[in-house]
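K.L.:
take this sequence and fold it.
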Amino acid sequence: MDHLDELENQSIYILREAYKNFKNLAMLWSIGKDSTIMLWLARKAFFGHCPIPLVHIDTTYKIPAMIEYRTFMQRSGD
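P.N.:
Sure thing, here's the model as predicted:
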């Protein structure tokens, strides 16, 4: 197992522990690269489904493709 695999496994563990231990957990999603990776990790941690509610604040400054992606993600169930 290389270093990146270890970091990924630690992140998955932290997400699962947070979900188990915090009652009102939510995850901010800006549609940016960092928060999208967090969403990807959450899906991986929970076997394809993210049980943590996502919060996205629409500032109206997003490019149309980002809003289309957000809408696509809403329709796909996460």
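K.L.:
quick one, strands of the protein?
P.N.:
Remark: strands assigned in the chain by DSSP state E are 27-28, 54-55.
K.L.:
number of residues surrounding the closest residue in space to Arg43 that isn't next to it in sequence?
P.N.:
Closest residue to Arg43 apart from its sequence neighbours, by C-beta to C-beta, 6 or more residues apart in numbering: Cys50 at 5.2 Å. From N, CA and C alone the C-beta is placed, and that goes for glycine too. When neighbours are defined as other C-beta atoms under 10 Å, Cys50 has 22 of them.
K.L.:
mind starting the numbering at 443 from now?
P.N.:
Taking 443 as the first residue, the last one we looked at is Cys492.
K.L.:
for Cys492, what are phi and psi?
P.N.:
phi -100, psi 110 (degrees, to the nearest 10).
K.L.:
surely it touches Met480?
P.N.:
No: Cys492 is beyond contact range of Met480, at 9.5 Å (criterion: C-beta atoms under 8 Å).
K.L.:
shared neighbours of these two, which are they?
P.N.:
Both Cys492 and Met480 are contacted by Met469, under the criterion C-beta atoms under 8 Å, 6 or more residues apart in numbering.
K.L.:
quick one, helices of this structure?
P.N.:
Using DSSP state H, the helices of the chain run over 445-463, 475-487, 506-517.
K.L.:
centroid-nearest residue for the protein?
P.N.:
The residue lying closest to the centre of the chain (C-alpha atoms, centre = their mean) is Leu481, at 1.7 Å.
K.L.:
and it, what is it in contact with?
P.N.:
With C-beta under 8 Å, 6+ apart, Leu481 has these contacts: Met469, Trp471, Cys492, Leu496, Met515, Asp520.
K.L.:
buried ones among those?
P.N.:
Applying 16 or more other C-beta atoms under 10 Å to those, the neighbour count classes Met469, Trp471, Cys492, Leu496, Met515, Asp520 as buried.
K.L.:
in contact with the third one, which residues?
P.N.:
Which is Cys492. Met469, Leu481, Ala484, Arg485, Asp520.
K.L.:
brilliant, that's me finished.
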